[in-house]
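Engineer: build me a structure from this.
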Amino acid sequence: MARKCYITGLGTASGNNRPHSLSATRRKWKANLHKVRIVDENGRVRRVYVSTRAMRSGLVKRA
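Structural biologist: Okay, here's the model as predicted:
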C-alpha cells in the first residue's frame with residue numbers, strides 16, 4: 001500500500017532525529033491515514049485512504 005492520501009496527496013515525510021548531542025539519524029513521519037468509503041467526482045463509491053486532516057476540513061464526501 002502506498003501511504004498517500006487520495007485527496008491531498010499527503011504522504012510520508014523524512015528528516016532527522018536530533019538529540020541534545022546533535023547527531024543525526026534518519027527518521028520518517030507517516031501520514032495519519034484512514035480507509036474510508038467516499039463518493040468520488042464521478043459519483044462512484046470508492047474505498048480509499050484519506051488523511052484525517054482532509055476529513056476534518058470537509059474535503060471528503062463520505063458515502
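Engineer: could you list the low-pLDDT ranges of the chain?
Structural biologist: Scanning the chain for pLDDT under 70 picks out 1.
Engineer: what segments of it are strands?
Structural biologist: Along the chain, counting by DSSP state E, strands occupy 13-17, 25-29, 33-39, 45-51.
Engineer: now render those as CSV, adding mean neighbour count and distance to R62.
Structural biologist: In short, each C-beta sits where N, CA and C put it, glycine included. Shown next, in CSV, are those (neighbours: other Cβ atoms under 10 Å; distance: least, Cβ to Cβ, whole Å):
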stretch, mean neighbour count, distance to R62
strand 13-17, 9, 26
strand 25-29, 9, 26
strand 33-39, 15, 6
strand 45-51, 16, 9
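Engineer: okay if I get those as JSON lines plus distance to S57?
Structural biologist: Shown next, in JSON lines, are the strands of the chain (distance: least, Cβ to Cβ, whole Å):
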{"stretch": "strand 13-17", "distance to S57": "19"}
{"stretch": "strand 25-29", "distance to S57": "19"}
{"stretch": "strand 33-39", "distance to S57": "14"}
{"stretch": "strand 45-51", "distance to S57": "10"}
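Engineer: between the ones you listed, which one is closest to I7.
Structural biologist: Set against I7 and scored by Cβ to Cβ, those come closest in strand 45-51, at 5.6 Å.
Engineer: quick check: angle from that closest one to strand 33-39?
Structural biologist: Angle of strand 45-51 versus strand 33-39, following axes from the mean of the first three to the mean of the last three Cα atoms, to 10 degrees, is 150 degrees.
Engineer: so how far is strand 45-51 from its chain's centroid?
Structural biologist: Distance of strand 45-51 from the chain centroid (Cα atoms, centre = their mean, to the nearest Å) equals 11 Å.
Engineer: what's it in contact with?
Structural biologist: 1, 3-8, 10, 31-40, 60, 63 (Cβ atoms under 8 Å, 6 or more residues apart in numbering).
Engineer: hmm, 10 Å instead?
Structural biologist: The contact list for strand 45-51, computed with Cβ atoms under 10 Å, 6 or more residues apart in numbering, reads 1-11, 31-40, 57, 59-60, 62-63.
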